[in-house]
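A.B. asks: Please work out how this folds:
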Amino acid sequence: MSNQAPKKQRIAIDGVLLLDKPVGLSSNDALGKAKWLLNAKKAGHTGTLDPFATGLLPLCFGEATKFSQDLLEADKTYETVVHLGTTTATGDTEGEITGVRPVNVTPSQIGEVLRRFTGEIAQVPPMYSALKRDGKPLYEYARAGITLEREARQVTIHALELLDYREPYLTLRVKCSKGTYIRVLGEDIGAALGCGAHLNALRRTEVGALTLVGAQTLAALEALPQTERGQALASMDSLLSSFPAVMLAPELAQRFLHGQRLPLRREGVALPASPGRVRVYRAVDRALLGTALLSEFGLLAPERLIAVKDG
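C.D. replies: Modelled structure (predicted):
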């Protein structure tokens with residue numbers, strides 16, 4: 001007879017945890033900890049945040065994982081402290097120091113360089129990144145002392161705001177497109193100023209329309225009784241707040257959930273002002289059904305559907 005305790009049964013929960021990730025934890029480790037605390041069956045994150053970085057890491061649970069791709073594509077906002085005059089192997093505080101130079105820059109020089117890095121710019125991905133070459137992440141090559149050629153990629157810096165400058169620390173707010181490496185941005189700014197730089201701190205404050213308002217720390221989540229932890233989750237449609245809403249009567253909702261395209265104009269359904277991606281609800285109980293593409297002719301084509309109980 002086995003003395004092993006029965007394996008804890010995971011539960012199916014749907015929603016989004018706005019996690020304020022602590023320093024020193026990888027995104028996967030943070031996800032694993034949150035999944036364990038919530039005793040959840042299915043979970044995924046919406047894009048990695050470096051271990052040395054803190055801030056907003058939206059975690060999707062259950063049916064919400066179907067919409068995580070939208071946040072991978074979303075713009076991000078960060079606040080970062082750039083340490084001028086010192087370069088490191090990784091571009092942040094985790095790497096060995098590779099160079100030290102004097103810092104002799106003026107506020108006008110800083111302003112001119114920041115303007116130069118606003119808009120569409122080319123970035124060479126860092127060797128210390130999870131990008132893969134021949135099935136192996138670049139950071140594995142870097143740790144082995146191997147440097148590979150990398151092609152520059154176009155990214156967009158929507159806004160680059162100087163928050164503070166106290167030599168040698170430059171504090172910036174960056175709003176940028178997906179795929180932007182803030183470490184590389186800091187290094188490139190330091191190079192343009194002639195003194196080199198690395199990131200001393202990095203905090204993500206926004207992902208798409210999501211912000212740190214209402215975000216939970218792992219410590220706060222763990223302090224809650226097990227029965228109350230699920231209440232820390234935001235609803236699934238918090239991921240879709242930028243999409244217009246379409247309300248369907250029960251019969252149309254059922255057809256939509258079966259993957260049928262619906263001619264909504266002919267059905268007399270109120271439509272958003274413009275075509276494009278929409279979030280779709282069953283009107284009687286405001287149950288989220290999924291996302292769809294709405295054509296200029298009022299044809300609703302299902303995109304991502306979620307499991308919904310009969311209403």
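A.B. asks: Give me the below-cutoff pLDDT ranges for the stretch 1-150 of the chain.
C.D. replies: 1-8 (pLDDT under 70).
A.B. asks: Go again with 80.
C.D. replies: 1-9, 47, 127-131, 138-139, 142 (pLDDT under 80).
A.B. asks: My read is that residue 262 contacts residue 252, right?
C.D. replies: Yes - assessed by CB atoms under 8 Å, residue 262 is found in contact with residue 252 at 5.9 Å. Bear in mind the C-beta positions are built from the backbone N, C-alpha and C, glycine included.
A.B. asks: Please report how far residue 296 lies from residue 255.
C.D. replies: Per CB to CB, to the nearest Å, residue 296 is found 21 Å from residue 255.
A.B. asks: Between the two, which has more neighbouring residues?
C.D. replies: Counted by other CB atoms under 10 Å, residue 296 and residue 255 do not tie: residue 255 has more neighbours, with 16 against 8.
A.B. asks: May I have whatever helix or strand that one lives in exported as CSV, CA atoms only?
C.D. replies: Under the criterion of DSSP states H and E, residue 255 resides in helix 250-257. Written as CSV, here are the backbone C-alpha positions of helix 250-257 (Å, rounded to 0.1, in the frame of the first residue of the first chain):
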residue,chain,number,x,y,z
PRO,A,250,-29.0,33.9,-28.2
GLU,A,251,-29.8,32.3,-31.6
LEU,A,252,-27.0,34.3,-33.3
ALA,A,253,-24.7,33.6,-30.4
GLN,A,254,-25.2,29.9,-30.9
ARG,A,255,-24.5,30.1,-34.6
PHE,A,256,-21.4,32.2,-33.9
LEU,A,257,-20.1,29.5,-31.4
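A.B. asks: State the pLDDT value of residue 270.
C.D. replies: Note for residue 270: predicted pLDDT of 88.
A.B. asks: OK, contacts around the closest residue to it other than its chain neighbours?
C.D. replies: Spatial nearest neighbour of residue 270, excluding adjacent residues (CB to CB, 6 or more residues apart in numbering): residue 247 at 7.1 Å. Residue 247 sits next to 269, 270, 281, 282, 283 when contact means CB atoms under 8 Å, 6 or more residues apart in numbering.
A.B. asks: Isn't the first one up against residue 256?
C.D. replies: Just to be clear, that refers to residue 269. No - applying CB under 8 Å, one finds residue 269 not in contact with residue 256, separated by 10.9 Å.
A.B. asks: Find residues that contact each of those two.
C.D. replies: 248, 262.
A.B. asks: Name the member of the contacts of residue 247 with the most neighbours.
C.D. replies: residue 282 (21 neighbours).
A.B. asks: can you pull out the helices in this structure?
C.D. replies: 27-38, 68-72, 107-116, 138-143, 182-192, 218-223, 250-257, 264-267 (DSSP state H).
A.B. asks: Please list the residues outside the helix holding residue 255 that contact it.
C.D. replies: 248, 262, 264, 267, 269, 280, 282-284, 289-290, 292, 300, 302, 305, 308, 311.
A.B. asks: From the residues you listed, which land in strands?
C.D. replies: Counted as lying in strands by DSSP state E, out of these, are 248, 262, 280, 282, 289, 290, 292, 300, 302, 305.
A.B. asks: roughly how far apart are the fourth one and residue 138?
C.D. replies: Taking CB to CB as the measure, residue 282 and residue 138 are separated by 46 Å.
A.B. asks: Equivalent analysis for the second one, please.
C.D. replies: As judged by CB to CB, residue 262 and residue 138 stand 46 Å apart.
A.B. asks: Could you give the separation between the terminal residues of stretch 58-70?
C.D. replies: 12 Å (CA to CA, to the nearest Å).
A.B. asks: Quick check: buried residues in it?
C.D. replies: 58, 59, 60, 61, 62, 63, 64, 65, 66, 67, 68, 70 (16 or more other CB atoms under 10 Å).
A.B. asks: so where do the strands sit in the stretch 1-150 of the chain?
C.D. replies: Ranges of strands in the stretch 1-150 of the chain, per DSSP state E, counting those that start in this stretch, are 15-21, 43-45, 54-61, 76-84, 86-88, 97-100, 119-123, 132-133, 136-137.
A.B. asks: elements contacting the fourth one?
C.D. replies: If I follow you right, that is strand 76-84. strand 169-176, helix 182-192, strand 197-207 (3 or more CB pairs under 8 Å, 6 or more residues apart in numbering; DSSP states H and E).
A.B. asks: Of all those, which one is nearest residue 128?
C.D. replies: Across the helices and strands packed on strand 76-84, the minimum distance to residue 128, taken as CB to CB, is reached by helix 182-192, at 8.0 Å.
A.B. asks: what comes up buried for that closest one?
C.D. replies: 182, 183, 184, 185, 186, 187, 188, 189, 190, 192.
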